[in-house]
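> quick one, fold the following:
(2 chains)
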Amino acid sequence: MDTTIKQSLKEIVGAENFTDSLIDLIAYSKDASEHRHRPDAAVWPVNTGQVSAIMKLASREKLPIVPRGAGTSLAGLAVPEQGGIILDLGRMDKIIDINIEDRLAVVQPGVVYADLDRALSPHGFFFPPDPASGSVCTLGGNVATNAGGIKGAKYGTTKDYVLALEVVLPDGRILHTGSKCMKSVSGYDLTRLFVGSEGTLGVVTEITFKINPKPPLVSTSMANFETLEDAGRAVSEIMYSGIIPSALEVIDQQTLIAINQNTDLNLPEVEALLVAETDGYTREETEFQMAKIVSIFKKNNATTTRQADSKEEAEALWTARKSAYGVLARINNNLIVEDLAVPMSKVPDMLRAISELSKKHNLRIPTVGHAGDGNLHPVICFDGTNADEVKRVEEASAELFEKVIELGGTLTGEHGIGLAKVPFMGLEHDEISMDIMRSIKRLFDPNNILNPRKMGLEE
Amino acid sequence: MEGKYEFEKKFRDQVLRCSSCGFCRAVCPVFGLTKRPALNARGKMLILKEVMDGNVDLNDELIETLFQCTNCTSCTAQCPSGVDPPEIIKQVRKDMVHTGSCHPAFEGMNQVLQEHTNIYAEDEPEDFERERNRKAEYVFFIGCVGAYREDEATMATLDLLDHLDVDYTMINEVCCSGVLEDVGFQINQDLAQKNVDLVLSTGAKTVITGCPYCARTFNNKVQYQTLKDKGVEIIHISQFLKDFDLGVKTDKVVTYHDPCDLGRHCGIYEEPRQIIRKIAPNFVELRHNRANALCCGAGGGVRGAYPKNSIDMARRRLEEVEEIGAEIVLTECNSCVHNLKNAKLRAQKFEIFTTTQFLNQLLEEAG
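Take a look at the predicted model:
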């Protein structure tokens, strides 16, 4: 990169907020996916004005800009595939306002999810989408990926909570979308367009979230099923029973085996284990809902069901689900956390298909997921230094997504397309929808400088 | 695969196992302060992967990150993949020293311990007004920070031991030199041998250390194995004091900072709390405590090499003290006390002590 460009960047953000040191370029070359490419430089802007100035410069010089939060993307959203400049928003980390009267929180994009949660907690409020990476992921990243979490079935995902945005456009103009009102149908919904746009249309510099009162009580239970089909029927029946659990998670047999190999939990190695949670304001309310869920578990041949009588017991029941990532991450050197979603009635078919793919390609693909909204995470564990295995992973992935689409599902429930799913975009989106998406991209970013090569938008 | 460097032979699998999830960002004190991913464990592991791939050599360009780790092991405690970055980094530092890339402060530390008997290169040891090297049941081993920087805390500890009629002696101790292993060098065999000989000559069966790092070194390093072979037990003062009931109390709001060397490194979380709960009914935990405790920023040679960041990390820890409105911060490590005290702002009205110093103060007040 030209030294005069570097000098201009230093003038915009200050020398202390610019880097082209080798250590930084390597650290910014990767996120939590398997993709890797170094940027040419990185900057840490501290206000919207600086982001705007950077975008003007980038537009003029046609420099790729990759906005980045905590870099926890599992799909390569934050990898600078074409080099260019990493725009690390981690130093724009102020909670600007918490307004309980209007049920709003206004934040900068670099605020960590857990920090907002901690700030809302004394007021009895929360921001419900709770991604597994909540202790580190940033809210700007949550908006860019439209992040979800285990509470999706009842509380929705990030998009359901974003009321307004401040966005710096690729040409440097500062756009304000939405409204701080709970309801607004004034003009096109530009806010929704940016949520989940993976940093390809603009750089979000301020977010206004709607926040929810947090029900103080929960009931928790766990059930084992000998067959995927029984578990799947239980999930489906729960979701149309009139009860909406605040969480309904599934753990498959391969995951249970892996957990047992690495912990003292001693779980039954059945085909599927379900963990359910109901929330509310009175014990009667949470227990009423849970009683219904447990009866559905039993009706669908659950071999055992356990209900927690205390907070500690509830935590113990959650341990299996929450330890899954740590256990799976130790199986082999590399892992790809896939993120498909299918209609809820198709969850057992999908789990069966994953199990068959695993056998066919001789790969370990333990699967966990948010059964309550049909969002599954097959975790492909492999050794990236083994070329033959890498090839089998690629083949299995392709077949996996063909199956997903065949079942009426979608490529990604909450992680995004990024780089990882670019090859499969055509499976889900026809030429018309790709054409419209590309037109939108061109409208906002005619020079294709913002997070290029992501989402399969390039022709 | 044969690597070019020693760390590859020992830790190749672990470096590869880092899945780049980035969860270490939540706990790394250096990252928390700087918000610079290159200084976080994930950044360090990515850099080492590039070294193993042959894209980058271990050289001076990497000093700023690989020599800026406090060895607090909070990343290890949180890592879903079971990677232990500080252990890897310690080996990498040795490799870097071997190839001629070292932070000057670390080189200086090694040099000082070649020529002097303590890390501060002080030639006149504090005598603490007590006879040394006599026959006794216990040896009290102070450690460099307690001997040369936090001598008031040490004096208070000795007064407390006297009050409890403990039959102890001090020795003409020299630096345990364990820290050299962390900053790219090896324990100084001569210094270690001197400590071992002096301890054995007292006939003591137990060494009580004022410094948790010294206790770790004595317990874990081969240069001190003779002590164990001869049946000498090494404990930290908090382990020794946990069963005493001194009958004193304070009304003040008290909190406890878990030193990394005692907590995550030795798993000692309860003993200090056992002591404090007896004297302080108004005990409040810091937001990050026990295995999740935030490092004071002094360890791993960082205080010497990156003093500004080290103090700023301590300031972040003290912000948590303000959060809970504590009046007294207790800890069990002189090095933490030293760094936290240096970082304390004038407007912050709480006081910082070692637990033993505070205990002794309460006893003196009670007359």
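> measure how buried the residue of the stretch 151-300 of chain B found nearest chain A is and give me the count.
For the stretch 151-300 of chain B, the residue closest to chain A is B:R287, as judged by CB to the nearest CB, at 8.5 Å. Where C-beta positions appear, they are placed from N, C-alpha and C, glycine not excepted. Neighbour count of B:R287, defined by other CB atoms under 10 Å in any protein chain shown: 13.
> and the nearest residue in space to it that is not next to it in sequence, how far from B:C72?
Distances taken as CB to CB, 6 or more residues apart in numbering or on different chains put B:E320 closest to B:R287, at 5.0 Å, once the chain neighbours are dropped. As for B:E320, its distance to B:C72 is 15 Å (criterion: CB to CB, to the nearest Å).
> the more surrounded of those two?
The residue with more neighbours, out of B:E320 and B:C72, is B:C72; 29 against 19, by other CB under 10 Å.
> please identify the helix or strand for the residue nearest to B:R287.
Counting by DSSP states H and E, the element that carries B:E320 is helix B:307-324.
> and whichever residue of the stretch 151-300 of chain A sits closest to chain B, what does it touch?
Of all residues in the stretch 151-300 of chain A, A:N262 sits closest to chain B, at 8.9 Å by CB to the nearest CB. Remark: with contacts taken as CB atoms under 8 Å, 6 or more residues apart in numbering or on different chains, A:N262 is in contact with A:S323, A:G326, A:V327, A:R330.
> for the stretch 1-150 of chain B, give me the ranges with low pLDDT.
The stretch 1-150 of chain B contains residues with pLDDT under 70 at B:1-2.
> show me what residue of the stretch 301-450 of chain A gets nearest to chain B.
Closest point on the stretch 301-450 of chain A to chain B, by CB to the nearest CB, is A:G326, at 3.6 Å.
> CA atoms only: put the helix holding B:E320 into PDB for me.
What follows is helix B:307-324, C-alpha atoms only, in PDB (Å, rounded to 0.1, in the frame of the first residue of the first chain):
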ATOM      1  CA  PRO B 307       5.700  -0.500  32.700                       C
ATOM      2  CA  LYS B 308       3.000   1.800  31.400                       C
ATOM      3  CA  ASN B 309       0.700  -1.000  30.200                       C
ATOM      4  CA  SER B 310       1.400  -2.800  33.400                       C
ATOM      5  CA  ILE B 311       0.200   0.100  35.600                       C
ATOM      6  CA  ASP B 312      -2.800   0.600  33.300                       C
ATOM      7  CA  MET B 313      -3.800  -3.000  33.700                       C
ATOM      8  CA  ALA B 314      -3.600  -2.600  37.500                       C
ATOM      9  CA  ARG B 315      -5.900   0.500  37.100                       C
ATOM     10  CA  ARG B 316      -8.500  -1.600  35.300                       C
ATOM     11  CA  ARG B 317      -8.400  -4.100  38.200                       C
ATOM     12  CA  LEU B 318      -8.800  -1.200  40.700                       C
ATOM     13  CA  GLU B 319     -11.900   0.100  38.700                       C
ATOM     14  CA  GLU B 320     -13.500  -3.200  39.800                       C
ATOM     15  CA  VAL B 321     -12.700  -2.300  43.400                       C
ATOM     16  CA  GLU B 322     -14.500   1.100  43.000                       C
ATOM     17  CA  GLU B 323     -17.500  -0.700  41.400                       C
ATOM     18  CA  ILE B 324     -18.200  -2.600  44.600                       C
END
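> just confirm B:C24 contacts B:A41, I think it does.
Yes. Using CB atoms under 8 Å, B:C24 is in contact with B:A41, at 4.1 Å.
> find residues that contact each of those two.
B:C75, B:C79, B:P85.
> sitting in helices, which of those do you find?
The helices, defined by DSSP state H, take in B:C75, B:P85 from those.
> between the shared contacts of B:C24 and B:A41, which is nearest chain A?
Chain A has its nearest neighbour among these in B:C79, at 8.1 Å by CB to the nearest CB.
> can you report how many residues neighbour that closest one?
Look at B:C79: counted by other CB under 10 Å, it has 26 neighbours.
> dump the residue contacts of it.
If you count contacts by CB under 8 Å, 6+ apart, B:C79 has them with B:C18, B:F23, B:C24, B:A41, B:P85.
> same check on A:I354?
The neighbours of A:I354, taking CB under 8 Å, 6+ apart as the test, are A:D252, A:I365, A:T367, A:L376, A:P378, A:L400.
> what subset of the residues you listed is buried?
Among the contacts of A:I354, the ones that count as buried by 16 or more other CB atoms under 10 Å in any protein chain shown are A:D252, A:I365, A:T367, A:L376, A:P378, A:L400.
> cool, thanks, talk later.
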